[in-house]
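Trainee: Sequence unavailable; structure follows:
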């Protein structure tokens, strides 16, 4: 059984589609513009209550429990650590893209500058030094939450309670 340490949770209700997470990741890892280790997926515009609404969902590697990318990698470059982080060892990667084809989410991408696979590695080196993943660190709205599972759940509950309280306050003020 793997041992999960800190986790990265995404709160799509807070994402504004600014791409600060993606830009920070690219800068941290030296990825070219065409690589998207974390994506802000746009949803909409959708019509809600007579208005058009646009929302964003940050998506990245799920660090799957049984990652298909690891299972099919012929060189052993795609690996999963004991803490659940799935990463590509660039020294072993042969750039065959078998992992990219196997991933149901399309996460691994061929870096045209290196000919090797690029993907989210959970900022494993930063986290080993006690730092946050750069995407969560740079997110201006707190849409990316990092920490122990209990801290992340507590943070999500707190943010949800604040949203409900805000709706109740708006409703009460509207009755006056």
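Mentor: Sure thing, it's come through. Note that the coordinates shown come from a computational prediction; the quantities given were computed from them, not determined experimentally. Residues are numbered from 1 along each chain as shown.

Trainee: list the contacts for the nearest residue to residue 35 once chain neighbours are set aside?
Mentor: Nearest residue to residue 35 in three dimensions, chain neighbours excluded: residue 118, at 4.9 Å (C-beta to C-beta, 6 or more residues apart in numbering). Any C-beta I mention is one placed from the backbone N, CA and C, and that applies to glycine too. Contacts for residue 118 (C-beta atoms under 8 Å, 6 or more residues apart in numbering) come out as 29, 31, 35, 37, 88, 108, 109, 110, 111.

Trainee: Show me which pair in these is furthest apart.
Mentor: Using C-beta to C-beta, the pair of these lying farthest apart is 29 and 110, separated by 14.6 Å.

Trainee: Tabulate the contacts of residue 118 (TSV), appending secondary structure and distance to residue 19.
Mentor: Output for the contacts of residue 118, formatted as TSV (DSSP: H, G, I helix; E, B strand; the rest coil; distance: C-beta to C-beta, whole Å):
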residue	secondary structure	distance to residue 19
29	helix	15
31	coil	13
35	coil	13
37	coil	12
88	strand	23
108	coil	20
109	strand	16
110	strand	21
111	strand	19
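
Trainee: Need the nearest residue in space to the residue nearest the centre of the chain, chain neighbours excluded.
Mentor: Nearest residue to the geometric centre of the chain (C-alpha atoms, centre = their mean): residue 60, 3.6 Å. In space, and not counting its chain neighbours, residue 60 is closest to residue 38: 4.2 Å by C-beta to C-beta, 6+ apart.

Trainee: thought that neighbour was touching residue 135?
Mentor: Yes - with contact defined as C-beta atoms under 8 Å, residue 38 and residue 135 form a contacting pair (5.3 Å).

Trainee: Need the residues touching each of the two.
Mentor: Jointly contacting residue 38 and residue 135 under the rule C-beta under 8 Å, 6+ apart are 21, 22, 25, 58, 60.

Trainee: List only those of the contacts of residue 118 flagged as buried.
Mentor: Burial by neighbour count, 16 or more other C-beta atoms under 10 Å: within the contacts of residue 118 this picks out 29, 31, 35, 37, 88, 108, 109, 110, 111.

Trainee: element containing residue 84, please.
Mentor: For residue 84, there is no helix or strand it lies in under DSSP states H and E.

Trainee: Can you get me a residue count around it?
Mentor: Neighbours of residue 84 under the rule other C-beta atoms under 10 Å: 16.
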